[in-house]
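Colleague: any chance you can model this:
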Amino acid sequence: MSDKDTVSILMVDDEPANLLALEGVLGPLGQRLVQAQSGAEALRRVLDDDFAVILLDVRMPDMSGIETATLIRSRRRSQTTPIIFLTGLEKSPEMMFEGYSAGAVDYLTKPVVPAILRAKVEVFIELERARASLKREIEQRERAAGALEALNLLLEKRNGELAAANAELDAFCAAVSHDLRTPLTHVEGFIDLLQASAASKLSPGEQQYVGTIRESTMRMRQLIGEFLRFSRLGATELTTAPVDMETLVRECLEQLQPATQGRRIEWRLEPLPLASGDQELLRQVWVNLLSNAVKYSQTRDPACITVTGEVTGDEVVYRVTDNGVGFDPARAGRLFSAFYRLHSGSTFEGVGVGLASVKRIVQRHHGRVWADSAPDQGATFCFALPRGVEPGSPAR
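Modeller: Below is the predicted model:
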């Protein structure tokens, strides 16, 4: 039996022989037996310890069992401790009433029957164990609640710090992007002047150098523009409303027509459920995902791009699947990081912020993004939004 399962039992009697007899009866229960030979000693004991039950002799010199019980009950620590009176006198209604009034839960006449006494005491042992177990559980829950509250406060603090840091970062990115445009404009202007005034004097090699500079400045301007747009996504205020996603996708496909001219692409657009969100930001999500599918399927003839959507539990899930070059699934976790590229820029153009923008927009809608693929087996890019409106098929 563990220490936490062992309880204390107080035996109060002015006769040592009676205490010895009680110890013999209760010893087999394996509990801690505490003796007191007077009411005063019993009171000292209850000040220092908690007892599962007190066995109290009614007739004692100096302080009777009734007086002792009354004082035990008057103290907060012991006011609910069960008391069993033991008496050598014949029980009378008056005596029993006085005992019960003093706080007794039972009355036994000496000599007690050992089996009866053990059975009664065992009941209070189990009650004490249950009380102690409940107390421990309450304390554990209080500690857990305190720890949880502390963690919540820390989380709120960290969230506030993160929000402030993100706001500062967005402001910094916007400022840097804006400041980079001025010197870039000067470079572009001087290239124009150089080509206009000295083109005939430049050798073919020098003209190629100038062309490379111009291409680099154009790419840098594109990069700055993408960088600036990406930084503004965190500050853009959401205007939430029901969004007809199927119509939105069709509009995005029309927008992408110039980039798909001369290519054979089989578009498969299934009926899409409605979504709840900011229509213009969600338009950027679709443009980025569809452009991504067009770009990475450019080696396929024909390319096949499928757009699907479904309601799953509390979410509306949308998928864009292509039969393009795919990617290593081990690298999927980095796909949505800003400026991370799975393929070289010489093979597929881009600056690496399209999928990062998708992630930021979807997360601002309290949604999530993910992707599945295998090398040379196409890819599926998915995003899920909270189900904020009753989904349904939009009108054709």
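Colleague: helices of the stretch 151-300 of the chain, residue ranges please.
Modeller: 204-232, 245-255, 257-260, 279-296 (DSSP state H, counting those that start in this stretch).
Colleague: quick one: distance of the last one to the chain centre.
Modeller: Okay, so that is helix 279-296. Its chain's C-alpha centre and that of helix 279-296 lie 30 Å apart, by CA atoms, centre = their mean, to the nearest Å.
Colleague: now do the buried residues in that helix.
Modeller: Across helix 279-296, burial judged by 16 or more other CB atoms under 10 Å covers 279, 281-296. (Each C-beta comes from the backbone N, C-alpha and C, glycine too.)
Colleague: same question for the second one.
Modeller: With burial defined by 16+ other CB under 10 Å, the residues of helix 245-255 counted as buried are 245, 246, 248, 249, 250, 252, 253.
Colleague: what angle separates it from helix 279-296?
Modeller: 50 degrees (axes from the mean of the first three to the mean of the last three CA atoms, to 10 degrees).
Colleague: any idea how far residue 336 lies from residue 354?
Modeller: Using CB to CB, to the nearest Å, we find residue 336 at a distance of 10 Å from residue 354.
Colleague: swap in residue 33?
Modeller: Here residue 33 is placed at a distance of 79 Å from residue 354 (CB to CB).
Colleague: which one of these two is surrounded by more residues?
Modeller: Neighbours were counted for residue 33 and for residue 354 using other CB atoms under 10 Å; residue 354 has more, 21 against 16.
Colleague: what's next to the least confident helix or strand in the chain by mean pLDDT, contact-wise?
Modeller: Of all helical and strand segments in the chain, the minimum by mean pLDDT, DSSP states H and E falls on helix 93-102, at a mean of 73. Applying CB atoms under 8 Å, 6 or more residues apart in numbering, the contact partners of helix 93-102 are 58, 65, 66, 69, 70, 73, 83, 85, 87, 89, 107.
Colleague: just those residues now: which is nearest residue 218?
Modeller: Here the nearest of the contacts of helix 93-102 to residue 218, counting by CB to CB, is residue 73; it sits at 92.6 Å.
Colleague: mean pLDDT and distance to residue 48 added to the helices of the stretch 151-300 of the chain, as CSV?
Modeller: Shown next, in CSV, are the helices of the stretch 151-300 of the chain (pLDDT from 0 to 100; distance: least, CB to CB, whole Å):
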stretch, mean pLDDT, distance to residue 48
helix 204-232, 77, 69
helix 245-255, 95, 73
helix 257-260, 86, 86
helix 279-296, 93, 69
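Colleague: residue 179 is nearest to which of these?
Modeller: Among the helices of the stretch 151-300 of the chain, helix 204-232 comes nearest to residue 179, with 9.8 Å by CB to CB.
Colleague: sorry, back to before: I'd like to know which of the contacts of helix 93-102 is nearest to residue 142.
Modeller: residue 73 (28.0 Å).
Colleague: can you get me a residue count around residue 238?
Modeller: The burial count for residue 238: 12, using other CB under 10 Å.
Colleague: what of residue 72?
Modeller: Residue 72 has 25 nearby residues by other CB under 10 Å.
Colleague: which stretches in the stretch 251-396 of the chain count as strands?
Modeller: For the stretch 251-396 of the chain, the strands defined by DSSP state E, counting those that start in this stretch cover 265-269, 275-278, 303-312, 315-322, 368-373, 379-386.
Colleague: is it possible to get a markdown table of those strands that adds distance to residue 53 and mean pLDDT?
Modeller: Shown next, in a markdown table, are the strands of the stretch 251-396 of the chain (distance: least, CB to CB, whole Å; pLDDT from 0 to 100):
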| stretch | distance to residue 53 | mean pLDDT |
| --- | --- | --- |
| strand 265-269 | 78 | 94 |
| strand 275-278 | 64 | 94 |
| strand 303-312 | 59 | 95 |
| strand 315-322 | 58 | 96 |
| strand 368-373 | 59 | 92 |
| strand 379-386 | 58 | 95 |
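Colleague: please produce TSV containing these, extended by mean neighbour count and distance to residue 188.
Modeller: Converted to TSV, the strands of the stretch 251-396 of the chain look like this (neighbours: other CB atoms under 10 Å; distance: least, CB to CB, whole Å):
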stretch	mean neighbour count	distance to residue 188
strand 265-269	14	34
strand 275-278	22	34
strand 303-312	18	35
strand 315-322	21	35
strand 368-373	18	36
strand 379-386	21	35
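Colleague: residue 161 is nearest to which of the ones you listed?
Modeller: strand 368-373 (23.2 Å).
Colleague: how far out from the middle of the chain is the closest one?
Modeller: 21 Å.
Colleague: again with stretch 359-371
Modeller: 17 Å.
Colleague: over to stretch 104-111?
Modeller: That offset, for stretch 104-111, works out to 57 Å (CA atoms, centre = their mean).
Colleague: what comes up buried for that stretch?
Modeller: For stretch 104-111, by 16+ other CB under 10 Å, it's 104, 105, 106, 108.
Colleague: from start to finish, how long is that stretch in a straight line?
Modeller: One end of stretch 104-111 sits 19 Å from the other (CA to CA, to the nearest Å).
Colleague: avg pLDDT for that stretch?
Modeller: On average, the pLDDT along stretch 104-111 is 84.
Colleague: what does it rub up against?
Modeller: 18, 21, 56, 69, 82-91, 96, 99-100, 116-117, 120.
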